[in-house]
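Trainee: Fold the stuff below for me.
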Amino acid sequence: MSQIAKCLAWFLFAALPCFAQEGGFNGSLDDPESEVLKAVDLVANDSVVYGTYSYEKEKQLKGAKPASSVSVFRDVPGNARVFFKVLENVLAPRHFKETADLGTIYLRYIVQGTSPSSTAIHIDALYVEKNRRRQHQSDGTVEHSEFEAIKDRLEKMHGDAKAVSEMAEQHSATAPPANEGRASGNIVETNTSPLASEDDLEKHVASLKHSIEVRTAAGGAALKAAPYRTAATLQPLHEKAELLVVVLTKYWYGVETADGHRGWIHRSQVEALP
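Mentor: As a prediction, the model looks like this:
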């Protein structure tokens, strides 16, 4: 068993940081694996490499891209999820040991759930010189900074989800009660009329359904954590997925999916039910 695998397995018994002998950083988060995977995906797709820089006047490296695989790293536990980020043509980045040439930064994130409510993460940061192909490990600053970026994404996701939930509760609190019409006598005719056939009732139900439900347009859509385009994506929605509208704004719908997830979707990405 590799040192990385041993460290990840250790989290099954103790949520303590473990620094692998072969390099890298291990940390634990009190969040389910599904939530951590979303946060790691956001960081892996972020163009910034955190915790390093090349020039004093610009203490941030940008231009990184996600990658599906990287050959410079060693083995990975079989049941873990892995993400990669790569930044090419970097000159002597800080916090990599003894760098003085042009090269590439490689980042690897290994994610593994350790319980229903906790997840272990291993992060590696490696700099490889372009000409001599010499490898330089981080002094730990880069990995720790990337870990903090993941924690920041999780906190933002929690805040966005809480905002959605609170807005939905406010909407429910201000909506008229289901029996309000009966109390005011507005639906007496509907309840007492002997002419209300089964077809009429089905049409009425269909009409109500059309007024509170929509479906995703061609190409599908993204369920967002907050009503703006740069908000975290909670999950992708396939084409023609039916959604219950719980909150209305000028440009966004607060919706609930068929499996009970809540979030936001832009009005341009939905259409009325047929």
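Trainee: contacts and neighbour counts: CA atoms only from here.
Mentor: Will do.
Trainee: helices or strands up against the lengthiest helix in the chain?
Mentor: For the chain, the longest helix by residue count, based on DSSP state H, is helix 141-174. Judged by 3 or more CA pairs under 8 Å, 6 or more residues apart in numbering; DSSP states H and E, the packing partners of helix 141-174 are strand 25-29, helix 33-44, strand 118-129, strand 242-248, strand 262-266.
Trainee: JSON lines for those, including distance to residue 89 and mean pLDDT?
Mentor: Shown next, in JSON lines, are those (distance: least, CA to CA, whole Å; pLDDT from 0 to 100):
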{"stretch": "strand 25-29", "distance to residue 89": "24", "mean pLDDT": "94"}
{"stretch": "helix 33-44", "distance to residue 89": "18", "mean pLDDT": "94"}
{"stretch": "strand 118-129", "distance to residue 89": "9", "mean pLDDT": "95"}
{"stretch": "strand 242-248", "distance to residue 89": "45", "mean pLDDT": "86"}
{"stretch": "strand 262-266", "distance to residue 89": "38", "mean pLDDT": "90"}
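Trainee: how far away is residue 96 from residue 105?
Mentor: 9 Å (CA to CA, to the nearest Å).
Trainee: So for the two, which residues contact both of them?
Mentor: 126, 127 (CA atoms under 8 Å, 6 or more residues apart in numbering).
Trainee: re earlier: of the helices and strands packed on helix 141-174, which is nearest residue 110?
Mentor: strand 118-129 (5.0 Å; CA to CA).
Trainee: Kindly calculate the angle that the closest one makes with strand 25-29.
Mentor: Relative orientation of strand 118-129 and strand 25-29, computed by axes from the mean of the first three to the mean of the last three CA atoms, to 10 degrees: 150 degrees.
Trainee: mean confidence for the helix or strand following strand 118-129?
Mentor: Downstream of strand 118-129, the first helix or strand assigned by DSSP states H and E is strand 135-137. Taken as a whole, strand 135-137 carries a mean pLDDT of 91.
Trainee: Name the residues of strand 135-137 that are buried.
Mentor: Going by neighbour count (16 or more other CA atoms under 10 Å), the buried part of strand 135-137 is 135, 136, 137.
Trainee: can you check stretch 122-141 too?
Mentor: Of the residues in stretch 122-141, 122-130, 135-141 count as buried by neighbour count, 16+ other CA under 10 Å.
Trainee: Next: stretch 46-60.
Mentor: Buried residues in stretch 46-60, counted by 16+ other CA under 10 Å: 46, 47, 48, 49, 50, 51, 52, 53.
Trainee: Convert it to PDB, retaining C-alpha atoms only.
Mentor: C-alpha atoms of stretch 46-60 as PDB (Å, rounded to 0.1, in the frame of the first residue of the first chain):
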ATOM      1  CA  ASP A  46      -9.900  27.500 -11.600                       C
ATOM      2  CA  SER A  47      -7.200  29.200 -13.700                       C
ATOM      3  CA  VAL A  48      -5.300  30.300 -10.600                       C
ATOM      4  CA  VAL A  49      -2.500  28.200  -8.900                       C
ATOM      5  CA  TYR A  50      -2.700  29.200  -5.300                       C
ATOM      6  CA  GLY A  51       0.300  29.700  -3.000                       C
ATOM      7  CA  THR A  52       2.900  30.500  -5.600                       C
ATOM      8  CA  TYR A  53       4.100  33.200  -8.000                       C
ATOM      9  CA  SER A  54       6.900  34.200 -10.300                       C
ATOM     10  CA  TYR A  55       7.200  37.900  -9.900                       C
ATOM     11  CA  GLU A  56       7.100  40.200  -6.900                       C
ATOM     12  CA  LYS A  57       4.800  42.700  -8.600                       C
ATOM     13  CA  GLU A  58       2.200  40.000  -9.500                       C
ATOM     14  CA  LYS A  59       1.900  37.500  -6.700                       C
ATOM     15  CA  GLN A  60      -0.500  35.200  -8.400                       C
END
